[in-house]
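Peer 1: No sequence on hand, only this structure:
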């Protein structure tokens with residue numbers, strides 16, 4: 001029978017519930033258990049697909065095309081197992097389903113209420129993955145903070161579900177903050193006590209406390225928390241600030257979080273966790289033999305979480321190359337033809353990031369022109385690839401009006417155009433080309449040497465495509481379409497022949513990079529940037 005773990009948060013948001021959930025899952029997986037993690041978000045948006053990245057960080061896309069919370073990226077990077085639509089549920093999705101059922105008459109004329117109808121739907125979704133028979137343990141992370149009005153139905157659903165499941169088949173981990181008051185020179189447990197008290201008022205007793213802290217918890221603090229929060233002293237887990245999120249599984253192992261969980265769920269320890277590969281990755285990450293400076297040119301650079309998967313993919317690729325990757329975030333709007341050399345000074349490679357809309361477009365084009373002409377390693381993702389196509393059209397092919405139909409609907413040369421099936425779409429949410437699509441790579445190209453195979457699959461999130469009416473013109477001038485979708489012939493990868501590294505993909509390779517499998521495009525780009533650094537410093 002599947003066991004269920006619920007992770008709640010208290011005192012403040014952004015304590016790292018996703019990292020704790022992913023770290024626990026990694027430890028259980030390393031012991032031989034089949035584990036998955038799901039995220040329940042209390043906002044009313046159906047999904048984060050229409051949210052501004054400044055609101056919620058990046059929108060993470062799964063293999064099956066679900067636009068989801070960025071925490072699912074952590075789950076995949078830690079576990080190396082794909083997530084799906086079922087792994088992310090929002091209040092909006094719950095209410096939409098219940099209201100549609102009410103319109104169909106499914107409730108036989110009864111008054112539809114939060115309890116039982118909304119909570120029943122939440123419970124049903126919480127158990128969907130468990131009922132597949134594929135998992136021994138399902139970890140459910142509840143977004144938001146205990147005490148938030150919008151979180152109440154989820155907490156109530158957990159209370160009911162724990163009662164229905166019975167003893168030993170579920171537990172609650174409450175992640176909380178134990179702040180340090182410098183003036184008093186001590187850690188304070190009161191915020192945690194109040195947070196647990198609020199949870200108790202809703203009928204949920206946490207089994208384990210995970211305490212985020214800047215200073216180590218001494219035995220007196222642990223005893224106090226155990227006494228006032230009604231948990232065993234060995235269930236008070238210290239989560240001290242770490243150098244990298246990839247340290248957290250080992251810190252949780254040291255605190256015996258996994259053993260405590262298994263004891264409470266009455267599960268056999270199976271094996272000691274096999275974390276050799278994880279430790280090897282960490283060893284290379286923390287002891288680099290080289291260093292490179294890579295510029296990330298984008299429009300949301302004030303919030304690095306907007307490019308979370310890209311930042312993590314650089315960490316994976318850096319470890320693979322035993323190289324520390326220092327990412328310099330550059331606002332695309334701040335770049336122009338006169339200052340581009342100064343802005344990119346000292347960079348060994350440049351990535352032009354994905355995004356939507358015209359803001360920052362000219363800065364991205366000036367960036368690409370400079371690095372194309374000066375032979376600086378270039379990597380373009382999604383809009384970054386489209387910008388490379390527009391820049392080449394304008395400055396090499398002489399199509400001075402070349403543009404994307406997204407930016408200019410009246411352009412004479414829409415080298416990036418709208419797909420036919422997209423032209424009549426009115427709703428913005430969930431209507432792009434989303435999820436995994438196949439790509440055939442031409443032999444003899446840079447892309448083929450990077451991937452080492454001719455058939456790949458990558459994840460997408462975009463509405464506009466390379467306009468194949470211009471393909472022959474581009475290829476004659478030296479910009480090669482090295483990757484094509486086998487079904488539609490749409491261009492997936494472009495590269496330049498006479499450049500040390502100039503590769504751009506219409507897809508989002510960062511979404512498939514994990515600790516166990518760093519993405520080859522990122523690994524090769526970091527290697528090319530390192531080679532460029534060595535060549536220029538000779």
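Peer 2: Great, that's in hand. Not measured: the values here are computed from a predicted model.
Peer 1: ok, residues contacting stretch 445-462?
Peer 2: For stretch 445-462, the surrounding residues in contact (Cβ atoms under 8 Å, 6 or more residues apart in numbering) are 59, 61-63, 67, 354, 382-383, 432-443, 480, 482-483, 492-493, 495, 501, 503, 505-509, 511-512, 520-521, 524. All C-beta atoms are positioned from the backbone trio N, CA, C, and that covers glycine.
Peer 1: For the stretch 51-200 of the chain, give me the ranges with low pLDDT.
Peer 2: 52-56 (pLDDT under 70).
Peer 1: Apply 80 and report the result again.
Peer 2: 51-57 (pLDDT under 80).
Peer 1: burial measure for residue 357, as a count.
Peer 2: Residue 357 is flanked by 10 other residues according to other Cβ atoms under 10 Å.
Peer 1: how close does residue 494 sit to residue 471?
Peer 2: Using Cβ to Cβ, to the nearest Å, we find residue 494 at a distance of 10 Å from residue 471.
Peer 1: helices or strands next to whichever helix in the chain runs longest in the packing?
Peer 2: When the chain is parsed with DSSP state H, its longest helix is helix 520-536. With contacts taken as 3 or more Cβ pairs under 8 Å, 6 or more residues apart in numbering; DSSP states H and E, helix 520-536 sits against strand 290-298, helix 308-320, strand 323-331, strand 349-352, strand 378-381, helix 446-451, strand 502-505.
Peer 1: Which parts of the stretch 351-500 of the chain are strands?
Peer 2: Listed from the start of the chain, the stretch 351-500 of the chain has strands (DSSP state E, counting those that start in this stretch) covering 378-381, 403-404, 414-418, 433-441, 455-462, 464-466, 479-484, 491-496.
Peer 1: could I get those strands as TSV with mean pLDDT?
Peer 2: Output for the strands of the stretch 351-500 of the chain, formatted as TSV (pLDDT from 0 to 100):
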stretch	mean pLDDT
strand 378-381	95
strand 403-404	85
strand 414-418	84
strand 433-441	91
strand 455-462	92
strand 464-466	88
strand 479-484	93
strand 491-496	94
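Peer 1: looking at these, which is buried most?
Peer 2: strand 378-381 (a mean of 28; mean count of other Cβ atoms under 10 Å).
Peer 1: who touches that strand?
Peer 2: Contacting residues not belonging to strand 378-381 are listed as 310, 349-354, 368, 371-372, 387-388, 499, 501-505, 507-510, 521-522, 525 [Cβ under 8 Å, 6+ apart].
Peer 1: I'd assumed residue 382 was in contact with residue 354.
Peer 2: Yes - Residue 354 is within contact range of residue 382, at 3.6 Å (criterion: Cβ atoms under 8 Å).
Peer 1: Specify which residue of these two has the higher count of neighbours.
Peer 2: Between residue 354 and residue 382, counted using other Cβ under 10 Å, the more crowded position is residue 354 (26 against 23).
Peer 1: Return the distance of the more buried one relative to residue 246.
Peer 2: For residue 354, the distance to residue 246 equals 24 Å [Cβ to Cβ].
Peer 1: How many neighbouring residues does residue 333 have?
Peer 2: 15.
Peer 1: Who are the contact partners of it?
Peer 2: Shown in contact with residue 333 (Cβ under 8 Å, 6+ apart): 299, 359, 360, 363.
Peer 1: Please apply the same query to residue 99.
Peer 2: residue 112.
Peer 1: what about it, which SS state?
Peer 2: helix (DSSP: H, G, I helix; E, B strand; the rest coil).
Peer 1: again with residue 200
Peer 2: Assigned with three-state DSSP, residue 200 falls in the helix class.
Peer 1: now the one 3 residues further on
Peer 2: Look at residue 203: counting by three-state DSSP, its state is coil.
Peer 1: Quick check on the residue lying closest to it once chain neighbours are set aside: phi, psi?
Peer 2: Leaving aside its sequence neighbours, residue 203 sits nearest to residue 159 (Cβ to Cβ, 6 or more residues apart in numbering; 4.3 Å). Taking degrees, to the nearest 10, you get phi -60, psi -50 for the backbone angles of residue 159.
Peer 1: Tell me the spacing between residue 159 and residue 494.
Peer 2: Where residue 494 is concerned, residue 159 sits at a distance of 54 Å (Cβ to Cβ).
Peer 1: ditto for residue 390
Peer 2: 11 Å.
Peer 1: can you check residue 177 too?
Peer 2: The gap separating residue 177 from residue 494 is 47 Å, by Cβ to Cβ.
Peer 1: Kindly give the local confidence score, pLDDT, for the closest residue to residue 496 other than its chain neighbours.
Peer 2: In space, and not counting its chain neighbours, residue 496 is closest to residue 502: 3.9 Å by Cβ to Cβ, 6+ apart. Per-residue confidence (pLDDT) for residue 502: 96.
Peer 1: so who does the residue nearest to residue 203 touch?
Peer 2: 202, 203, 204.
Peer 1: what do you get for residue 178?
Peer 2: 187, 188, 189, 191, 192, 211, 212, 213, 217, 221, 225.
Peer 1: Try it again at 10 Å.
Peer 2: Listed by Cβ atoms under 10 Å, 6 or more residues apart in numbering, the contact set of residue 178 reads 11, 187-192, 209, 211-215, 217, 221, 225, 236, 238-239.
Peer 1: Give me the buried subset of these.
Peer 2: Neighbour-count burial (16 or more other Cβ atoms under 10 Å) applied to those gives 11, 187, 189, 192, 209, 211-213, 217, 221, 225, 236, 238-239.
Peer 1: Let me know the helix or strand that residue 197 is in.
Peer 2: Assigned by DSSP states H and E, residue 197 belongs to helix 190-201.
Peer 1: Just checking: what are the partner strands of the next helix or strand after that helix?
Peer 2: Per DSSP H and E, helix 190-201 leads on to strand 208-213 as the next helix or strand towards the C-terminus. Next to strand 208-213 in the sheet, as set by DSSP bridges, lie strand 170-177 (parallel), strand 236-240 (parallel).
Peer 1: average pLDDT across strand 208-213?
Peer 2: Rounded mean pLDDT across strand 208-213 is 95.
Peer 1: Where does residue 109 sit, in terms of helix or strand?
Peer 2: For residue 109, there is no host helix or strand (DSSP H and E).
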